[in-house]
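Trainee: generate coordinates for the sequence data below:
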Amino acid sequence: MTRTDDAGDEHGDAADPTDAVTATSSARHSGNLGPARRAADALARSDANARAVRAARAARGLLPGSPPQVGGRTSDRLARLINEARPEQPSVIRELGLGALQVWQTMLARRGGRGREPVPATILFTDLVGFSTWALGAGDDQVLRLLSEVNAVTESVISARGGSVVKYLGDGTMAVFLDGTEAIEAAHEAICAVSALTIDSYRPQLRAGLHTGTPRAVGDDFIGVDVNIAARVADAAGPGELFASDATLNNADAERYHRRKRRFKAKGVPSDLVVYAVVPRYEQ
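Mentor: Numbers count the residues shown, from 1 in each chain. Sure thing, here's the model as predicted:
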């Protein structure tokens with residue numbers, strides 16, 4: 001009897017069959033939910049991982065075409081929905097989704113012969129003032145870091161304002177907008193955002209130029225006289241300045257801006273083109 005009682009005490013936890021069934025059921029239930037929950041948590045962490053987001057964004061930058069932001073096509077609207085879904089949180093999935101749409105639109109454009117008709121648009125050019133001089137002594141690593149940060153903030157501002165980056169031009173950017181007011185706002189915000197960057201005490205200065213016309217879309221690029229005019233307008237601006245043609249201000253809510261007429265003359269530009277230095281009004 002003593003040996004039996006001792007054995008019963010020693011294994012008392014397993015003596016009640018109800019407890020055993022409950023424990024087994026609980027373990028199975030926990031086993032079913034645990035891996036799923038852990039997988040969801042791991043996916044969320046991976047999606048927001050800064051290094052992974054940068055890698056996905058860099059990969060998207062190597063794809064043909066540009067992020068679909070301008071236009072009323074289904075893929076344009078889908079891209080805007082993707083961008084507007086919790087835009088404050090970096091996301092690998094968002095970058096991959098935009099990359100897929102980018103490739104899709106490029107394929108459709110090349111198959112459909114896109115580019116035969118002019119497209120009403122406001123064209124933005126930006127570039128860094130004094131960049132070449134600084135780059136000579138900065139070294140390749142710092143130059144690449146600066147360009148990466150400048151391109152990232154510029155694209156973010158342009159996309160948020162409904163524009164589309166057409167291409168990067170060394171230390172500059174070309175973008176297009178359907179709305180002149182949004183183009184002006186994006187240009188100012190990009191200038192301010194870039195001026196806030198610092199690379200080893202160097203503060204880059206962006207300049208920008210805008211012109212509105214009917215460039216011709218060819219594949220994933222835009223060409224034409226109006227593109228050349230926009231580039232010349234940008235070249236005339238100084239550090240931190242935005243120049244805009246009268247055509248752009250006529251396509252915008254001009255009352256929102258202070259404008260000062262600037263002397264402007266450039267090769268290949270109509271002699272009657274009027275250019276203004278534009279600054280937003282910040283009224284109480």
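
Trainee: where along the chain do the helices fall?
Mentor: Counting by DSSP state H, one finds helices in the chain at the ranges 2-10, 17-48, 50-61, 74-84, 92-112, 131-138, 140-160, 180-195, 225-236, 246-250.

Trainee: which one of the ones you listed has the lowest average pLDDT?
Mentor: If those are sorted by mean pLDDT, helix 2-10 sits at the bottom with a mean of 45.

Trainee: these two touch, right, Gly268 and Asn228?
Mentor: Yes - the criterion here is CB atoms under 8 Å, and Gly268 meets it with Asn228 at 5.7 Å. (Glycine included, C-beta is placed from N, CA and C.)

Trainee: please name the residues that touch the residue nearest to Lys167 when sequence neighbours are not counted.
Mentor: Using CB to CB, 6 or more residues apart in numbering and skipping residues adjacent in sequence, the residue nearest Lys167 is Met174, 5.3 Å away. Counting by CB atoms under 8 Å, 6 or more residues apart in numbering, Met174 touches Ile123, Leu124, Phe125, Val165, Val166, Lys167, Tyr168, Phe222, Val227, Ala231.

Trainee: Gly268 and Asn228: which is more packed in?
Mentor: Per other CB atoms under 10 Å, whichever of Gly268 and Asn228 has more neighbours is Asn228, with 18 against 9.

Trainee: would you check that the more buried one makes contact with Ala266?
Mentor: No - in this structure, Asn228 is not within contact of Ala266 by CB under 8 Å, at 9.1 Å.

Trainee: joint contacts of these two?
Mentor: Counting by CB under 8 Å, 6+ apart, no residue touches both Asn228 and Ala266.

Trainee: as JSON lines, the contacts of Met174 with distance to Leu242 and neighbour count would be great.
Mentor: What follows is the contacts of Met174, written out as JSON lines (distance: CB to CB, whole Å; neighbours: other CB atoms under 10 Å):
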{"residue": "Ile123", "distance to Leu242": "13", "neighbour count": "29"}
{"residue": "Leu124", "distance to Leu242": "9", "neighbour count": "31"}
{"residue": "Phe125", "distance to Leu242": "11", "neighbour count": "26"}
{"residue": "Val165", "distance to Leu242": "17", "neighbour count": "19"}
{"residue": "Val166", "distance to Leu242": "18", "neighbour count": "24"}
{"residue": "Lys167", "distance to Leu242": "20", "neighbour count": "13"}
{"residue": "Tyr168", "distance to Leu242": "19", "neighbour count": "18"}
{"residue": "Phe222", "distance to Leu242": "20", "neighbour count": "23"}
{"residue": "Val227", "distance to Leu242": "18", "neighbour count": "21"}
{"residue": "Ala231", "distance to Leu242": "14", "neighbour count": "20"}
